[in-house]
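Visitor: Sharing a sequence plus its predicted fold:
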Amino acid sequence: MVSYKPLWHTLLTLDLKKMDLVKRGTVSTATLAKLGRNEYVALEVLDRICTDLGCPIEAVIEIKAPQG
């Protein structure tokens, strides 16, 4: 399971809002919706986010082990 909680924290740290990623041309609104639902997005998208924000991948995504 993936979690984009680190991304939301990173955005807060950088004083940015989720829609700023769309306004900057980093992601589409559809991709932003997927991120909000913790759905899988392409590695290319994660790379674009990291490049735009100047952060490592760990600041964007967390892979959680399945429970149970």
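Guide: Received, thanks. Numbering: from 1, shown residues only.
Visitor: make it CA atoms for all contacts and neighbour counts henceforth
Guide: OK.
Visitor: Off-centre distance for the helix of greatest length in the chain?
Guide: Within the chain, and with DSSP state H defining each element, the longest helix by residue count is helix 43-53. Between the centre of helix 43-53 and the centre of its host chain there is 8 Å, according to Cα atoms, centre = their mean, to the nearest Å.
Visitor: And the contacts of it?
Guide: L21, T26, V27, P56, I57, V60 (Cα atoms under 8 Å, 6 or more residues apart in numbering).
Visitor: Just the buried ones from those, in ChimeraX syntax?
Guide: Selection of the buried residues among the contacts of helix 43-53 in ChimeraX, burial being defined by 16 or more other Cα atoms under 10 Å:
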select :21,26,27,57,60
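Visitor: Narrow the contacts of helix 43-53 to those in helices?
Guide: Among the contacts of helix 43-53, the members found in helices (DSSP H) are L21.
Visitor: any chance of the contacts of helix 43-53 in CSV, with distance to V41 and pLDDT too?
Guide: Formatted as CSV, these follow (distance: Cα to Cα, whole Å; pLDDT from 0 to 100):
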residue, distance to V41, pLDDT
L21, 15, 97
T26, 13, 96
V27, 10, 97
P56, 17, 98
I57, 13, 97
V60, 12, 98
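Visitor: which two in the contacts of helix 43-53 are spaced the farthest apart?
Guide: V27 and P56 (17.1 Å; Cα to Cα).
Visitor: For burial, what's the neighbour tally of the residue lying closest to P56 once chain neighbours are set aside?
Guide: Closest residue to P56 apart from its sequence neighbours, by Cα to Cα, 6 or more residues apart in numbering: C50 at 6.0 Å. The number of residues packed near C50 is 18, by other Cα atoms under 10 Å.
Visitor: Would you check how far apart the nearest residue to I57 once chain neighbours are set aside and L21 are?
Guide: Nearest residue to I57, sequence neighbours excluded (Cα to Cα, 6+ apart): C50, at 6.2 Å. As for C50, its distance to L21 is 11 Å (criterion: Cα to Cα, to the nearest Å).
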